[in-house]
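S.K.: Predicted coordinates and the sequence they were generated for:
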Amino acid sequence: MQIFLAPRSNETSHKNFLSTIESGVDFSVVEPYLTVEGKEKLGKSGKLFVWGNKETKKASWDKMQIGDLVLFYKGRDGNEKQGKLIHAGRLLFKQHSKDLGLALWPPKTGEEPWTCIFFLSDLQPVYIPIGDVATFAGYNPKDPGSYVVQGFQPLNQQGVDGILAKFGTLEQFLIHYSASGKGGAKMQASFETPSLLMAELQKRTFLTTSQISELEELLSDKKQIIFEGPPGSGKTFVARLFARYFAGLPLTDDPNPQVRIVQFHQSYGYEDFIEGIRPQSNGGQIEYNVLPGIFKRVCTDAAKPEAEGKKFVIIIDEINRGNISRIFGELLLLLEYRNLGIELQYQKEGELFAIPKNVYVIGTMNTTDRSLAQIDYALRRRFYFYRLMPVVDGHSPVLKAWLAAQADFVDAQRDEVLTLFLNLNSRIRRELGEHFQVGHSYLMKPAVRTRAGQQKIWSHAIMPLLEEYFYNRRDREALLSEFAIEKLLTAKTPSVSA
């Protein structure tokens, strides 16, 4: 048994790591380039985790055997004193192929393509300080933490023997350094590393690495973003998890002042969101005091000295359901000019309020209700908009990824659910347009595996929504009958491999 160390030492390897290790690839991407043996070994693996090296590293690649352990190295982040190994996987299959490498990682002009390809199984997040491994191997004995992995290479036999002598097996070694175990505790003492948080966010939301990176870039740039889409497209779910990811918090439901959520509605006002006069009881007497609303409380927390370096996110669910001008007031100005301080309606003369630079806003907006979809243009200019659509160009990536992750589904059941969903939204788009699609979350339930479960969801969730959509249509009954499960399953189907 051998252990190999794989670095992410430059921009190219980092980009490749995000695309084929953290995101993984579908079998359909690599199938045309695989040998017969490769197709047999990988055909039932679902999402594939792939890595490779240039031809100059073929000597190390040649030594690899099925079952060998591969550990991925990442350099120091922030105030860390040493690099660490952050992912571990077992060699499942390897193939020497320039065409496969070009398909997976198209090189920049003048770059050498990756030709030494290998596939991994049992990929898991770990946190192994490089100094620990260097100590086992006898590297840099005076300062093992200064050891840096430069180029794909096997750990020497002394290192393997030292690990086995202490832990007994490589499995126990990985358990000890699991990202959630004692050995990884030092990593999570203050926050989880971005790469592990991103992997968890991908797993929970089925967003791709590029989508998450784009959202990060948009929110960091404008500081305000709105997720828009039809019902069931995951806007609030994604907003809640992404907000915690963006703030560097574990993706749990544990309350944390860095991430707060509020929902707008017709009776919600400036006094609730910014500040207003509220009655309070004081010794049996009613007093009226100016009290801060949720947004001002977030800003106060973000401005404290101990909040330096932290990000604070407020999520505004159903942002287009409130009276925007009444709720935001002069805040519309401050959203754009973060360096500006102004007097609020209830503040003392000369007292200025400004939005701290570390406060971010994520809104969600249902685009189906056209009476609410046209939000204040002044607000629209101050936000980026990111569309979350269930089906785009005949593809349903979120539902497809969720179905692939359901171990108790067989392929025929997955194909049927995907066919049903694609045909449903194809018909809706023809009648009403893309903004009225039915979201994937309606079908992301274990019960959808059976016809009885599908019928329950159809009768009590999807059909009532469609009845509302077609409320004013004269041919309503005939039209709704076309959305029966049996008719949709026999309709002309977009490719379910999409």
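M.R.: Everything's here; your move. Numbers count the residues shown, from 1 in each chain.

S.K.: Just the buried residues of the helix or strand L403 falls within, please?
M.R.: Taking DSSP states H and E as the criterion, L403 maps to helix 397-404. By neighbour count with 16 or more other Cβ atoms under 10 Å, helix 397-404 contains the buried residues P397, V398, L399, K400, A401, W402, L403. Backbone N, C-alpha and C define where each C-beta goes, glycine included.

S.K.: what do you get for stretch 149-158?
M.R.: Those would be V149, F152, L155, for stretch 149-158 by 16+ other Cβ under 10 Å.

S.K.: ditto for stretch 94-102
M.R.: The neighbour-count criterion (16+ other Cβ under 10 Å) identifies K94, Q95, H96, S97, L100, G101 as the buried residues of stretch 94-102.

S.K.: quick one: average pLDDT of that stretch?
M.R.: Mean pLDDT, stretch 94-102: 93.

S.K.: which outside residues touch it?
M.R.: 30, 33-35, 38, 52, 58, 61, 64, 113-119 (Cβ atoms under 8 Å, 6 or more residues apart in numbering).

S.K.: Quote the end-to-end distance of that stretch.
M.R.: One end of stretch 94-102 sits 15 Å from the other (Cα to Cα, to the nearest Å).

S.K.: go on, stretch 55-73?
M.R.: Stretch 55-73 has an end-to-end distance of 20 Å (Cα to Cα).

S.K.: Number the residues from 759 up from this point.
M.R.: Shifting the count to begin at 759 puts that one at stretch 813-831.

S.K.: sorry, back to before: any idea which of the contacts of stretch 852-860 is closest to T966?
M.R.: V788 (17.1 Å; Cβ to Cβ).

S.K.: picking up where we left off before, tell me which two in the buried residues of helix 1155-1162 are the farthest apart.
M.R.: P1155 and L1161, at 10.9 Å, using Cβ to Cβ across the buried residues of helix 1155-1162.

S.K.: So E1066 versus P1114, what's the distance?
M.R.: According to Cβ to Cβ, to the nearest Å, E1066 and P1114 sit 10 Å apart.

S.K.: what's around L1223, how many residues?
M.R.: Look at L1223: counted by other Cβ atoms under 10 Å, it has 17 neighbours.

S.K.: nope, K805 is what I meant
M.R.: 13.

S.K.: and the gap between it and K1054?
M.R.: Taking Cβ to Cβ, one finds K805 at 44 Å from K1054.

S.K.: Go through the buried residues of stretch 907-916 and name the one nearest T1058.
M.R.: V907 (44.7 Å).

S.K.: which residues touch that closest one?
M.R.: Taking Cβ under 8 Å, 6+ apart as the test, what V907 contacts is L763, A764, P765, S767, Y831, G841, I888.

S.K.: at 6 Å what do you get?
M.R.: Contact analysis of V907 by Cβ atoms under 6 Å, 6 or more residues apart in numbering lists L763, P765, Y831.

S.K.: Now render these as a markdown table, adding secondary structure and pLDDT.
M.R.: A markdown table is the format used below for the contacts of V907 (DSSP: H, G, I helix; E, B strand; the rest coil; pLDDT from 0 to 100):
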| residue | secondary structure | pLDDT |
| --- | --- | --- |
| L763 | strand | 93 |
| P765 | strand | 87 |
| Y831 | strand | 89 |
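
S.K.: Pretty sure F1143 sits against I984.
M.R.: Yes: if you go by Cβ atoms under 6 Å, F1143 and I984 touch, sitting 5.2 Å apart.

S.K.: between those two, who's got more neighbours?
M.R.: Just comparing F1143 and I984: by other Cβ under 10 Å the higher neighbour count belongs to I984, 22 against 14.
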